[in-house]
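# 3D, please:
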Amino acid sequence: MTNILELPKKYFPANFELEIYKKWEENDKFKPTKSKTWDNYYVPMPPPNVTWVLHLGHAIMITLEDIMTRYHRMKWDSTVWIPWTDHAWISTQNVVEKKLDKEWKSRVNMWREKFLDECWDWTKKHSWIIQNQFRRMWASCDWSKERFTLDEELNKRVKKAFVDLYEKWLIYKWEYMVNYSPKLQTVLSDQEVIYKEEKWKLYYITYFVTWSDNEVVVATTRPETMLWDVAVAVHPKDKRYKKILKWWKKLILPILNREIPLIADEMVDMNFWTWAVKITPAHDLNDFELAKRHNLPLNEVVIDKNGTMTEKAGIFEWLDFMSARQNVVELLKSKWNLHHMEDYTNRVGYCERSGCKVETIISKQWFVKIAPIAEKVIAWYKNKDFEIIPKRFNKIFEDWIFNLRDWCISRQLWWGHQIPVFYNNETGEMVVTEEDLSKNPNYTQDPDVLDTWFSSALWPFSILDYDMWGWKQSDMVKQFYPASVLETGHDIIFFWVIRMLLFWYEFTWQTPFEKIYLHGLVKDKNGRKMSKSLWNGIDPLDMIEKYGTDPLRLTLTIWNTPWNDLKFDEGNVESNMIFMNKLWNACRFVHTNLWGNIKKIWNDFEKLEKTIIDNYDKLLISEKRILSRLKYLSDLVTDSMENYNFAESGQELLTFTKNEFCDYYIEDFKLTKNTSKFWEEVIVYVINTLLKLWHPYIPFITEELYSKLWFENYLIDSEWPKLKIKRDEEVEKEKQVIIDLIKEIRKLRIENNLIPSNTIKVQIYVRSKNLETITNSLDIISWIVKSEETIIVDKKPKDKNLAYSIIKAWIEVYVDTSNALDLDKETDRLQLSIDDTKEYILKLDKKLLNESFVRNAPVSLVREEMEKKEQAKHKLEKLEEKLNNLGTY
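Reported below is the predicted structural model:
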């Protein structure tokens, strides 16, 4: 027999979490088993970068996917959750280059193969870190199926996909306007550019009209680019320029004194700045598109990709663009071409990875032609072939899918999937092939690598060994295709989700997943994005070491909804740890009372349930109520799981366990145990069901308690509850008034700072309704709230020193606090609170009397400070009233 000491008095997760995970993994509990429901459930894990340390964003992802996986595993669906890591081309190459810098080495002085060896060494040394972090962060994924995006088999599929798209004329190479990172020396997608607002100057430049006294004034933030303007554009309906457009049509480009045309185009906003726009196609996307429409020169580059002035800049050649700007402005002044300057707030693009300023350049790159592929996705989206949860993200999805531009897929890096294109060294002929010609001395491979999202877009089917081109399909594909759900953050709906849909429908004409579940982002408790610069980042492993895995999981679940970002507060993790201790002690109480009988009672759950149902009329009213509430809870949690509403069901589980099971039923059980004939069956039935319902949310504590309570086998693969008992809503209503009474009395104890160990006296004023129920429950009320005397009165007490609360229109409760009040301590506490509140009000007054703050701060912030002051004043009045009333005791 297991000794009671095996269940310690306090919840201490470090004693069992690692051991439990080890047992799960050793006993293959994460691998898919044969389905008993004929249903399969497959979740592909979003790709963490191999160089990253996991953060709270990963933690919420892992928690939600683990909940889904554990629930379907307990439903006895054949369930698989497949992990993987991404090669993270920019991140890895950036990290390795920094490492080489410290060793006084440089990539530019190395052979490509040698540098790739360095990258592989780094990856192999650090990939295990990610895997161990996932294990420590509770992921019950099938590690035997783990993949890496540069695995050889996946690399073959990437090559095949490229060749297939090329042969369909869906991949092409062309010169186009792209973002360029001078530090990383590669092009970037629009999504890899972050914008910062900066104080710049807006320069108004005068362009004189040829053979005329007329002039056109153009505003720009980058005067150095005007050195190779190809035109100035105005709106065709702008009457101010009709004469110039009709008669002269030519302007004189300042400094270089070249003639350039004045053209009309509807792109120009007549309400913006000077109503005229300078056109520099090589340095602005809108200018580039306009120049194409008017057959203007496109590739006259005045600033190279490193931010240095080119030979086109004339006397400014070799200057960096900032020095050139200063010189150009001075020269414009001297030639009377600078009309005036003014301050301007400009949005400036920076490389997300390196932090350097991004240049916009014309460059020949590889592109995927998106429109023909997107048409298929749009058609199947309208046909509801896949579902987005929550629905509000449909609008964001539509904004993306209906406005996609061709996708630039080439990157000037070395780490990644090298583009499968080869050039004949003699003829220059281009060969696009899956075959590796890199060893052939007659061919040179294209040096660029593919955008990492190209390989990631193939992920859901490539990890199942899906053959998109007609080869033999694996058993995994036959069983699990398509994925049941893709769970990910809403911030990568374009990066990953849409691109997977594009590729899947193009290659297979089928959806890669049935549902897309988008969770919110994790922010700090003030709603700010977590970042190194704000020093507000939180390492989930630190939280686990401090509080345990389950409290963190519960925090990320019950405080999160898929349509809102999560404001993470460590205080919530601490509160959930306290709850874990409460659950632990409730199970310990059951363990103590049943001693060695649980296994005997639990041996056959169906028999146990039948015993309870057959003897329902013989159960106590408190037992009927807890069973009815348990049935309601089980149905609600199951429905929420099916509909991916994890926050709601988590909150319901928490409320039931804390309030109805621990605070009421167990306390009632202590009083009525000797009068019940089936107390053992009921409490075992409840605790067993409760542990199963909780398991997807808090797997470690539930598995530990399940094993210590002598239940056989593992909780992780036990059957999900399908309770046959029925709800009894009349019993629920009858007992609810007692629970409400107890809650209010406890609330009064807290509000009046009564000593927990001291008793109180309670008077209940109640009219005819519920009178009998309350009369029959006075003992349990007294027991739970620690009342030495609980009576029903037919008149409302008039003693002003009694704390009271209105429960319903016909029920009021009054508490005599004199026995439980520590006058000296309460006086000191109230006086300290009064002093602190007064000091707080003075600080708010000082801020609100500051004219600079009131004048410059946002109106919402000023209003918020004023509301804080009013709340503080109200609190002060209450505190002073309480302090004055203490003198009457």
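# which residues of the stretch 601-750 of the chain score low on pLDDT?
Scanning the stretch 601-750 of the chain for pLDDT under 70 picks out the ranges 601-603, 711-712.
# Can you show me the helices along it?
Shown for the stretch 601-750 of the chain, the helices assigned by DSSP state H, counting those that start in this stretch span residues 605-614, 621-642, 646-655, 666-672, 679-694, 699-708, 729-751.
# Confidence-wise, which helix or strand of the chain is lowest on average?
Least confident element among the helices and strands of the chain, by mean pLDDT, DSSP states H and E: helix 598-602 (a mean of 65).
# follow-up on the earlier one: output the helices of the stretch 601-750 of the chain as a markdown table; include the columns mean neighbour count and distance to residue 163.
Backbone N, C-alpha and C define where each C-beta goes, glycine included. Converted to a markdown table, those look like this (neighbours: other C-beta atoms under 10 Å; distance: least, C-beta to C-beta, whole Å):
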| stretch | mean neighbour count | distance to residue 163 |
| --- | --- | --- |
| helix 605-614 | 14 | 56 |
| helix 621-642 | 20 | 42 |
| helix 646-655 | 19 | 42 |
| helix 666-672 | 18 | 67 |
| helix 679-694 | 22 | 50 |
| helix 699-708 | 23 | 44 |
| helix 729-751 | 17 | 65 |
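# those strands in the stretch 501-650 of the chain, which residues are they?
Residue ranges of the strands in the stretch 501-650 of the chain, as given by DSSP state E, counting those that start in this stretch, are 513-519, 522-524, 566-568.
# pLDDT on the first one, on average?
Taken as a whole, strand 513-519 carries a mean pLDDT of 92.
# Touching it from outside, list them.
With contacts defined as C-beta atoms under 8 Å, 6 or more residues apart in numbering, strand 513-519 is touched by 44, 60-61, 64, 386-390, 393, 460, 482-490, 493, 497, 500, 560, 562, 644.
# What pairs with that strand, parallel or antiparallel?
strand 387-389 (parallel), strand 483-489 (parallel) (DSSP bridges).
# Now do the helices in the stretch 1-150 of the chain.
For the stretch 1-150 of the chain, the helices defined by DSSP H, counting those that start in this stretch cover 17-26, 56-74, 89-102, 112-136.
# Settle this for me: residue 214 is touching residue 246, isn't it.
No - contact criterion C-beta atoms under 8 Å: residue 214 and residue 246 do not qualify, at 11.9 Å.
# Comparing the two, which shows the higher neighbour count?
For residue 214 versus residue 246, the count of surrounding residues by other C-beta atoms under 10 Å is larger for residue 214: 15 against 8.
# List the contacts of the more buried one.
By C-beta under 8 Å, 6+ apart, the contact list for residue 214 reads 208, 243-244, 248.
# Emit the PyMOL select command for whichever of those residues are buried.
Here the buried members of the contacts of residue 214 are turned into a PyMOL selection, burial being counted by 16 or more other C-beta atoms under 10 Å:
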select buried, resi 208+244
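# Which two of the contacts of residue 214 have the greatest separation?
Put simply, by C-beta to C-beta the two of the contacts of residue 214 set farthest apart are 208 and 243, 14.9 Å from each other.
# Ok, which of the helices of the stretch 601-750 of the chain comes nearest residue 543?
Comparing those by C-beta to C-beta, helix 699-708 comes nearest, at 14.1 Å.
# Take the helices of the stretch 1-150 of the chain and lay them out in a markdown table including mean neighbour count and mean pLDDT.
Below are the helices of the stretch 1-150 of the chain laid out as a markdown table (neighbours: other C-beta atoms under 10 Å; pLDDT from 0 to 100):
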| stretch | mean neighbour count | mean pLDDT |
| --- | --- | --- |
| helix 17-26 | 16 | 93 |
| helix 56-74 | 24 | 93 |
| helix 89-102 | 18 | 84 |
| helix 112-136 | 15 | 86 |
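# Dump the ones you listed into a markdown table; add distance to residue 879 as well.
Formatted as a markdown table, the helices of the stretch 1-150 of the chain follow (distance: least, C-beta to C-beta, whole Å):
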| stretch | distance to residue 879 |
| --- | --- |
| helix 17-26 | 44 |
| helix 56-74 | 37 |
| helix 89-102 | 54 |
| helix 112-136 | 46 |
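# And the strands paired with strand 513-519: which comes nearest residue 870?
With C-beta to C-beta as the criterion, residue 870 lies closest to strand 483-489 of the strands paired with strand 513-519, at 38.5 Å.
# quick one: the closest one to chain centroid distance?
Relative to the centre of its chain, strand 483-489 is centred 13 Å away, using C-alpha atoms, centre = their mean, to the nearest Å.
# Could you do stretch 69-85 as well?
Put simply, stretch 69-85 sits 21 Å off its chain's centre (C-alpha atoms, centre = their mean).
# Tell me who's in contact with the residue of the chain most remote from its centre.
Note on the chain: the largest C-alpha distance from the chain mean falls to residue 211, namely 62.1 Å (C-alpha atoms, centre = their mean). Residues in contact with residue 211, defined by C-beta under 8 Å, 6+ apart, are residue 248.
# mind showing which ranges of the stretch 401-550 of the chain have poor pLDDT?
Within the stretch 401-550 of the chain, the segments meeting pLDDT under 70 span 461, 464-473, 531-536.
# now the helices: where do they sit in it?
Taking DSSP H, counting those that start in this stretch as the criterion, the stretch 401-550 of the chain contains helices spanning 452-456, 459-462, 475-480, 499-508, 540-547, 549-558.
# and the ones you listed as TSV, adding mean neighbour count?
As requested, the helices of the stretch 401-550 of the chain are exported to TSV (neighbours: other C-beta atoms under 10 Å):
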stretch	mean neighbour count
helix 452-456	24
helix 459-462	26
helix 475-480	15
helix 499-508	22
helix 540-547	18
helix 549-558	26
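# Let me have the ones you listed in a markdown table, extended by distance to residue 365.
Shown next, in a markdown table, are the helices of the stretch 401-550 of the chain (distance: least, C-beta to C-beta, whole Å):
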| stretch | distance to residue 365 |
| --- | --- |
| helix 452-456 | 13 |
| helix 459-462 | 23 |
| helix 475-480 | 34 |
| helix 499-508 | 17 |
| helix 540-547 | 38 |
| helix 549-558 | 40 |
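# Please name whichever of those helices is nearest to residue 863.
Nearest to residue 863, of the helices of the stretch 401-550 of the chain and by C-beta to C-beta, is helix 549-558 at 30.9 Å.
# Give me the residues contacting that closest one.
13, 17, 56, 59-60, 63-64, 66-67, 136-138, 522, 540, 543-544, 566, 568, 572-574, 576-577, 579-580, 646-647, 650-651, 654, 697-701.
# Please apply the same query to stretch 689-696.
66-68, 70-71, 74, 583, 587, 630, 633-634, 637, 641, 653, 656-657, 661, 702-703, 705-706, 715-716, 718-721, 723.
# can you give me the strands for the stretch 201-350 of the chain?
So, for the stretch 201-350 of the chain - with DSSP E, counting those that start in this stretch - the strands run 215-220, 231-234, 250-253, 258-264, 276-279, 338-351.
# JSON lines for the strands paired with strand 513-519, including mean neighbour count and distance to residue 681?
Output for those, formatted as JSON lines (neighbours: other C-beta under 10 Å; distance: least, C-beta to C-beta, whole Å):
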{"stretch": "strand 387-389", "mean neighbour count": "19", "distance to residue 681": "39"}
{"stretch": "strand 483-489", "mean neighbour count": "24", "distance to residue 681": "37"}
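# closest one to residue 345 among those strands?
Closest to residue 345 of the strands paired with strand 513-519 is strand 483-489 (C-beta to C-beta; 29.8 Å).
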